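Enquirer: Build the 3D model from these lines:
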Amino acid sequence: MVPILTVDEVSKKLGISRKTVYNVIKKAEQKGIVLTEVVVKAGVKNTQVFTTEGYAYICNIYPPITNEQSVLNEQGDIFVNHLLEQLRQKDLQLAEKDRQISQLIEQARNYQILLRAEQEKSLPVPKKGFIHRLFGRSLLDK
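Expert: Sure thing, here's the model as predicted:
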């Protein structure tokens, strides 16, 4: 068993996350399959590296990304970034429309207040009651 690739290298080659690689290692260990070995790198840190058999095992689950797929991924990333930029522009437009709607609502309220005031001015003075007109006072004035 010759160690060949680190977990980072395998995740990049297969186009999956490091967490997914660690999950595969964990599941394989639960089945009794050893995919990695621990190697001391630079005398400081222990690093997990895949054996050739371990790399073949994970490649059966997640086939490596070809150059064509990586180009498609890059094009997909460009497309996604373009769509995100369009969403940002739409968010800005929506914020502007919300501001305009708020102004229009406030303007409508102001017009309603002015209209009410004008209506009150134009209403005729209410007539006095029959008793008040007859005797010059109301029954309640006693």
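
Enquirer: Could I get the full set of helices for the protein?
Expert: 7-14, 18-30, 52-61, 67-122, 130-135 (DSSP state H).

Enquirer: looking only at pLDDT, what's the mean for the last one?
Expert: If I follow you right, that is helix 130-135. Averaged over helix 130-135, pLDDT sits at 76.

Enquirer: swap in the longest one?
Expert: The average pLDDT within helix 67-122 is 86.

Enquirer: ok, residue 136 to residue 18 distance?
Expert: Applying Cβ to Cβ, to the nearest Å, the value for residue 136 to residue 18 is 98 Å. Every C-beta, even on glycine, is put in place using the N, C-alpha and C of the backbone.

Enquirer: more crowded one of those two?
Expert: Using other Cβ atoms under 10 Å as the criterion, residue 136 and residue 18 rank with residue 18 on top: 13 against 9.

Enquirer: List the residues that contact the residue lying closest to the more buried one once chain neighbours are set aside.
Expert: Leaving aside its chain neighbours, residue 18 sits nearest to residue 11 (4.8 Å; criterion: Cβ to Cβ, 6 or more residues apart in numbering). Neighbouring residues of residue 11 by Cβ atoms under 8 Å, 6 or more residues apart in numbering: 17-18, 20-21.

Enquirer: and the gap between residue 11 and residue 63?
Expert: Taking Cβ to Cβ as the measure, residue 11 falls 14 Å from residue 63.

Enquirer: And for residue 14?
Expert: Remark: distance between residue 14 and residue 63 (Cβ to Cβ) = 7 Å.

Enquirer: How far away from the center of its chain is stretch 8-21?
Expert: Put simply, stretch 8-21 sits 25 Å off its chain's centre (Cα atoms, centre = their mean, to the nearest Å).
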